[in-house]
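J.: quick one, fold the following:
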Amino acid sequence: MSDLPRKAVTRTAKLAALPLGFAGRATWGLGKRIGGRSAELVGNELQQRTAEQLFSVLGQLKGGAMKLGQALSVFESALPEAVAGPYRAALTKLQEAAPPMPAATVRGALEERLGEEWGALFLEFDERPAAAASIGQVHRAVWHDGREVAVKLQYPGAGEALLADLTQLGRFARILGPLIPGMDVKPLIEELRERAAEELDYELEAESQRACAEAFRGDPDVVVPEVVWQGKEVLVSEWLPGVPLSEVIAEGGQEERDRAGQLLTRFLFAGAARAGLLHADAHPGNFRLVPAGDGECGAARLGVLDFGAVNRLPGGLPPVIGRTLRMTLDGRADEVYGHLAAEGFVKPSVELEPEAVLEWLLPFIEPASVPEFAFSRQWLREQAGRLADPRSPAQQLGRRMNLPPSYLLIHRVTLSTIGVLCQLGARVRVRDELVAGLPGFAEDDDGVGTAVEAGGE
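T.: As a prediction, the model looks like this:
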């Protein structure tokens, strides 16, 4: 019924071929070096070929394979520029599109899930997908009351493919790691697998989307489409026009980039505070700039899509995050160390120097140390290089730090958002958003404003 490769043996064979292909290219590279070509040139060519195979397979398979590819897509900014091109092209495809289901499969799936008279629900239905992603695709349609809508339809067999892919990918996560410097792929795959059941349940997604839409209804900066109808494998939402961030990244002007970056940063903190939800799928395909009524991009809002993966935070982000960031900026090493140890970031059996921990943290929060920060691929490469170099004190210290499970998703979403900001090359007033939306950042425990906040612009 579907063009999604469903048989476990087929998917397993395709995924299992990836590490074999990597090993084969490593042997090829060794031969080239013996033949006299420089290690740097061979390494670049090797990484290009690996990128092309990896992301081609992940995109073709959809399911968990493509889900991993999308999660990795925001980190292409961390790659050396000499090899970033093939990644950038392949990953952009993963953010916005995948091979679509045939029209006959679409009709069959709608009949199975909405009934034989499903066509009566729509005045118009475009069988060509407007977008196709990891576990479903979106069709543009007109609901029976005249509203323009987006119909999100889950691929038949998506659940089986999602879980099987992530299990298989977890077996050779170590081989994927070097593709994204400083990124540990194994816990990312484990976390994606843990949340797979939630993402497959469109009724649960509709509940999250409704909560966020209500929280931002009438907001001048952020818009979330209203849910029109939902079933377990079909979700109908109001159509959201606009320019996807992937297009802004590719060809947007600086004003658009800055506007998108500022609003994305605002949503990271405000979404958790206002809706009690952290949007956990921060890649450019899930965000767009929605033009204001007068069409001026300077007043554009950030449109937010896809609430299949969320972190439920009824009280917003933990205040300890805000307090620790503020103390780091203030240079209060002992207090920072005490907060991190209390939250489990430093294991009781490990002793670290508070000043060394502070030095390790400072580059991460550099964007909050100035009134406006210019995110760039070069800056992210420098941070990734610090973490990836085994000779680096930062890498050695990072290995001794511990990430508590309750912070894993918050950490990934924050890193993903930073990756998108660097792809945008956006100039963002990060400190303003921390003061406004991050609990614990703007005030000391006794309610007194901090030096960071008082510094202003």
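J.: can we go C-alpha only for contacts and neighbour counts from here?
T.: OK.
J.: what ranges do the strands span in the chain?
T.: For the chain, applying DSSP state E gives strands covering 122-132, 136-143, 148-154, 222-223, 227-230, 234-238, 243-244, 277-279, 287-290, 301-304, 310-312, 373-374, 427-428.
J.: closest one to A103 among those strands?
T.: Evaluated with C-alpha to C-alpha, those place strand 122-132 nearest to A103, the distance being 5.8 Å.
J.: what packs against that closest one?
T.: In this structure, strand 122-132 packs against helix 103-114, strand 136-143, with contacts taken as 3 or more C-alpha pairs under 8 Å, 6 or more residues apart in numbering; DSSP states H and E.
J.: so which bits of that strand are buried?
T.: Burial within strand 122-132, assessed by neighbour count using 16 or more other C-alpha atoms under 10 Å, is assigned to F122, E124, F125, E127, R128, P129, A130, A131, A132.
J.: direction included, what does that strand pair against?
T.: Listed by DSSP bridges, the sheet partners of strand 122-132 and their directions read strand 136-143 (antiparallel).
J.: what's the strand it pairs with in contact with?
T.: 100, 121-132, 148-155, 158, 239 (C-alpha atoms under 8 Å, 6 or more residues apart in numbering).
J.: out of the helices and strands in the protein, which is least certain?
T.: The helix or strand of the chain with the poorest confidence is helix 451-455; it has a mean of 39 (mean pLDDT, DSSP states H and E).
J.: where do the helices sit along the stretch 51-200 of the chain?
T.: For the stretch 51-200 of the chain, the helices defined by DSSP state H, counting those that start in this stretch occupy 63-73, 81-96, 103-114, 158-171, 173-176, 185-194, 196-200.
J.: no, scratch that, I was asking about the stretch 301-450 of the chain
T.: Using DSSP H, counting those that start in this stretch, the helices of the stretch 301-450 of the chain run over residues 319-329, 333-343, 354-361, 377-388, 393-400, 405-424, 430-437.
J.: same for the first one, what does it pack against?
T.: Helices and strands touching helix 319-329, by 3+ C-alpha pairs under 8 Å, 6+ apart, are helix 333-343.
J.: kindly report the same for the fifth one.
T.: Helices and strands in packing contact with helix 393-400 are listed as helix 354-361, helix 377-388; criterion 3+ C-alpha pairs under 8 Å, 6+ apart.
J.: quick revisit: wait, which of the helices of the stretch 301-450 of the chain is closest to A273?
T.: Across the helices of the stretch 301-450 of the chain, the minimum distance to A273, taken as C-alpha to C-alpha, is reached by helix 430-437, at 6.8 Å.
J.: quick one: work out the angle between the closest one and helix 319-329.
T.: Between the axes of helix 430-437 and helix 319-329, defined by axes from the mean of the first three to the mean of the last three C-alpha atoms, to 10 degrees, the angle is 150 degrees.
J.: residue ranges with poor pLDDT in this protein?
T.: 1-99, 133-134, 168-169, 171-185, 188, 293-298, 388-390, 392, 394-395, 443-457 (pLDDT under 70).
J.: rerun at 80
T.: Within the chain, the segments meeting pLDDT under 80 span 1-100, 132-134, 158-197, 292-299, 363, 384-400, 402-403, 405, 443-457.
J.: burial of D258, as a residue count?
T.: D258 sits with 22 neighbouring residues when counted by other C-alpha atoms under 10 Å.
J.: re the thing from before, any chance of JSON lines for the helices of the stretch 301-450 of the chain, columns mean neighbour count?
T.: What follows is the helices of the stretch 301-450 of the chain, written out as JSON lines (neighbours: other C-alpha atoms under 10 Å):
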{"stretch": "helix 319-329", "mean neighbour count": "20"}
{"stretch": "helix 333-343", "mean neighbour count": "18"}
{"stretch": "helix 354-361", "mean neighbour count": "17"}
{"stretch": "helix 377-388", "mean neighbour count": "19"}
{"stretch": "helix 393-400", "mean neighbour count": "15"}
{"stretch": "helix 405-424", "mean neighbour count": "20"}
{"stretch": "helix 430-437", "mean neighbour count": "21"}
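J.: put together a markdown table for these, with distance to L302 on each row.
T.: Output for those, formatted as a markdown table (distance: least, C-alpha to C-alpha, whole Å):
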| stretch | distance to L302 |
| --- | --- |
| helix 319-329 | 24 |
| helix 333-343 | 33 |
| helix 354-361 | 30 |
| helix 377-388 | 22 |
| helix 393-400 | 34 |
| helix 405-424 | 14 |
| helix 430-437 | 15 |
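J.: quick one: closest of the ones you listed to V222.
T.: Ranking the helices of the stretch 301-450 of the chain by proximity to V222 (C-alpha to C-alpha) places helix 430-437 first, at 14.0 Å.
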